[in-house]
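**Student:** Okay, predicted coordinates and the sequence, questions at the end:
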Amino acid sequence: MDSKWWHKSVVYQVYPRSFQDSNGDGIGDLKGIISKLDYIQELGADIIWLCPVYASPNDDNGYDISNYYQIHPEFGTMEDMDQLISEALKRGIGIMMDIVANHTSDEHPWFIESRSSKENPYRDYYIWRDSADGGPPSDLKSIFSGSAWQFDETTEQYYLHMFSKKQPDLNWHNPSVREAMYDVMRFWIKKGIKGFRFDVIDLIAKELEQGIIDNGPLLHTYLKEMHREVLDGADIVTVGETGGADLEKAILFTSPERKELDMVFSFEHIALDEQKGKQKWDLKQLELSDLKRVLSNWQTGLAGKGWNSLFWSNHDQPRIVSRWGNDQEFRYESATMLASLLHLMRGTPYIYQGEEIGMTNVQFAELDFYRDIETINMYNERSEQGFAHEDIIESIYVKGRDNARTPMQWIAESNAGFTAGEPWIEVNPNYSAINVEHDKNSDKSIFQFYKKLIELRKANDLIVYGDYKLLDSEPEIFAYARTYENEEWRVICNFTDREVESELVCDGEIVIHNYDTPGKKLRPYEGIVYKLKNSL
Ligand code: GLC
Ligand code: CA
């Protein structure tokens, strides 16, 4: 496979609303991000995935876009955006824009036109259907609870919204819709951005009459068209959010010769603590054997055929150290163990803001403190269904999206240095102990550990291109080998808070390690990486 610049890249994801506020209105903004570019550069990331900053009524924090060519005034101006792009480039960092192409805001001019009459030229930009038996056209459910259909009085038809009712789905079967979205992309490429992350891109080719929502039969046709029309010749990296993709589908999306996308986000690994066939709120214990199987399958299955994205967290997921690590006694050990496990795999790693200092989940006692529409809708739906407050809140503590959306914790001063005003969502009260300043200067610095992992990736083609092999040893241990030319590395991770013996512990040269010295047994959440002595 030809090598590409982004094979060696590390992506840092910024959730602008919660990263850094520059003007005291309590909302993170572009100037705030610019002021932290040196921080991201110091970490070593070379792409910033910027969650949406476009004009938006903010029903879903920017994933409901009313103008793709404008910056939301809360975030700044187009001049600020240009400055962010150029200041980032000066530091060797490219901006990856988040393209929400499956739906717009209901306040987007296309939708305002579309809903105005059945004859309007924009009518067919969206998905309208007649009522069936006096109710919605079908019993399709929205991902944000309730029906996916909303009745609109003006024309007495229903429109489809897979997310909130303020996020009507676009009709991608209409060539004008596709062309309009390609124009959006061309505009941003011209501005000098270096990548796109495509929001729920596997939903665009739905075939309602056949009951197909994701991975519709024309999906690959559209992606190929998009590549031809927009991406071909532009040296940018693309990643598609394809929650339902299995390995076979991922190969179709990411095989270079198919000219669709460079990589996709699969949810197979992060769904392993959910009950199959139920909602994300219906939890089960993670089995390490499942995680080994799934991640290893992707590692070996995509080798030479496509490219992996590597991620634990994002703005929709709980904090990984709280989820699969230990955010109390072994916060440093488990955060760094999880980081080693992921960052030494083949693929492009993604770090979600705050992950690099081991930020944790948050627990607010009342619904009032929560801002996320998915969380609020679910709470209301389950309350009506008779679930107890305690049970619903408990599932929000574990899976709610606001876990990842509390403000970035910079310093131990008020509001963690995020804002001089009232933050739009409360800061996690643990900020006086967990913050960038404290972490960077600590003997056990998660930030310094991530930085070292990134340096290792930049210096070793073995990490980028080496073969992967699962070393299936003890049930508490996730271990694998990476081999490249004449070298072999061994990554050994203890997933428990106990001491565990492992037959894999050896006496090679230690490449990176989250304890000071090697021991006979693996200590809680120990992660150790060896370069084997007689490599191959
Ligand atoms: C994606 C985004 C999520 C958003 C949804 C609808 O899953 O990551 O934040 O709510 O799409 O746009
Ligand atoms: Ca602000």
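**Tutor:** Noted; the coordinates are in hand. Numbering: from 1, shown residues only. Ligands and ions are numbered 1, 2, ... in the order given.

**Student:** quick one, what contacts Trp6?
**Tutor:** Going by C-beta atoms under 8 Å, 6 or more residues apart in numbering, Trp6 touches Ile47, Gly195, Val237, Asp262, Thr348. Yep, even glycine has a C-beta here, placed from its N, CA and C like the rest.

**Student:** Let's see that with 6 Å instead.
**Tutor:** Counting by C-beta atoms under 6 Å, 6 or more residues apart in numbering, Trp6 makes contact with Val237.

**Student:** Surely it is within a helix?
**Tutor:** Yes: judged by DSSP: H, G, I helix; E, B strand; the rest coil, Trp6 forms part of a helix.

**Student:** Can you report how many residues lie near Gln150?
**Tutor:** 18 (other C-beta atoms under 10 Å).

**Student:** leaving aside the residues next to it on the chain, what's closest to Ala205?
**Tutor:** Computed as C-beta to C-beta, 6 or more residues apart in numbering, the closest residue to Ala205 that is not its neighbour in sequence is Gly216, at 3.2 Å.

**Student:** Please enumerate the helices of the stretch 151-300 of the chain.
**Tutor:** Applying DSSP state H, counting those that start in this stretch to the stretch 151-300 of the chain gives helices spanning 175-190, 219-226, 247-254, 288-301.

**Student:** Just send these back as TSV, with mean pLDDT and mean neighbour count too.
**Tutor:** Below are the helices of the stretch 151-300 of the chain laid out as TSV (pLDDT from 0 to 100; neighbours: other C-beta atoms under 10 Å):
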stretch	mean pLDDT	mean neighbour count
helix 175-190	98	16
helix 219-226	98	19
helix 247-254	98	19
helix 288-301	98	17
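
**Student:** check contacts around the residue nearest to Ala205.
**Tutor:** Applying C-beta under 6 Å, 6+ apart, the residues contacting Gly216 are Ala205, Lys206, Glu207.

**Student:** And for Leu295?
**Tutor:** His269.

**Student:** ok, it to Asp467 distance?
**Tutor:** To Asp467, Leu295 is 15 Å away according to C-beta to C-beta, to the nearest Å.

**Student:** With Glu42 instead?
**Tutor:** 32 Å.

**Student:** Could you do Lys190 as well?
**Tutor:** 40 Å.

**Student:** Near ligand 1, which residues of the chain are found?
**Tutor:** By the criterion of C-beta under 6 Å from any ligand atom, the positions of the chain lying close to ligand 1 are Asp60, Tyr63, Val100, Phe163, Asp199, Val200, Glu241, His315, Asp316.

**Student:** switch to 5 Å and redo it
**Tutor:** By C-beta under 5 Å from any ligand atom, the residues of the chain that approach ligand 1 are Asp60, Tyr63, Phe163, Asp199, Val200, Asp316.

**Student:** would you turn those into TSV with pLDDT and neighbour count?
**Tutor:** Converted to TSV, these look like this (pLDDT from 0 to 100; neighbours: other C-beta under 10 Å):
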residue	pLDDT	neighbour count
Asp60	98	22
Tyr63	98	24
Phe163	98	25
Asp199	98	20
Val200	98	21
Asp316	98	20
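
**Student:** and of these, the nearest to Gly354?
**Tutor:** In terms of C-beta to C-beta, no member of the residues of the chain next to ligand 1 lies closer to Gly354 than Asp316, at 14.4 Å.

**Student:** so what's the nearest residue to His315 once chain neighbours are set aside scoring on pLDDT?
**Tutor:** With sequence-adjacent residues excluded and distances taken as C-beta to C-beta, 6+ apart, His315 is closest to Tyr15, at 4.7 Å. pLDDT recorded at Tyr15 is 98.

**Student:** Please apply the same query to Ser535.
**Tutor:** For Ser535, the model assigns a pLDDT of 61.

**Student:** if I look at the residue nearest to His315, how far off is Arg186?
**Tutor:** Tyr15 is 26 Å from Arg186, by C-beta to C-beta.

**Student:** One more: Tyr54?
**Tutor:** Distance from Tyr54 to Arg186, by C-beta to C-beta: 15 Å.

**Student:** got it, and Gly32?
**Tutor:** 28 Å.

**Student:** Is Gln13 bridged to anything, and to what?
**Tutor:** For Gln13, the beta-bridge partners are Trp49, Tyr352 (DSSP bridges).

**Student:** Pull the CA coordinates from stretch 112-132 and hand them back as PDB.
**Tutor:** Output of stretch 112-132 as PDB, limited to C-alpha atoms (Å, rounded to 0.1, in the frame of the first residue of the first chain):
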ATOM      1  CA  ILE A 112     -37.500  26.800   5.200                       C
ATOM      2  CA  GLU A 113     -38.100  26.700   1.500                       C
ATOM      3  CA  SER A 114     -38.800  23.000   1.500                       C
ATOM      4  CA  ARG A 115     -41.500  23.100   4.100                       C
ATOM      5  CA  SER A 116     -43.200  26.100   2.500                       C
ATOM      6  CA  SER A 117     -45.000  24.200  -0.200                       C
ATOM      7  CA  LYS A 118     -45.100  20.900  -2.000                       C
ATOM      8  CA  GLU A 119     -44.200  22.600  -5.200                       C
ATOM      9  CA  ASN A 120     -41.200  24.500  -3.900                       C
ATOM     10  CA  PRO A 121     -38.000  23.600  -5.800                       C
ATOM     11  CA  TYR A 122     -36.400  22.700  -2.500                       C
ATOM     12  CA  ARG A 123     -39.200  20.300  -1.500                       C
ATOM     13  CA  ASP A 124     -37.200  17.300  -2.600                       C
ATOM     14  CA  TYR A 125     -34.100  18.400  -0.700                       C
ATOM     15  CA  TYR A 126     -35.700  16.600   2.300                       C
ATOM     16  CA  ILE A 127     -37.700  13.500   2.900                       C
ATOM     17  CA  TRP A 128     -41.500  14.100   3.000                       C
ATOM     18  CA  ARG A 129     -44.100  11.400   3.300                       C
ATOM     19  CA  ASP A 130     -47.900  11.200   3.800                       C
ATOM     20  CA  SER A 131     -49.400  10.000   7.000                       C
ATOM     21  CA  ALA A 132     -50.300   6.400   7.300                       C
END
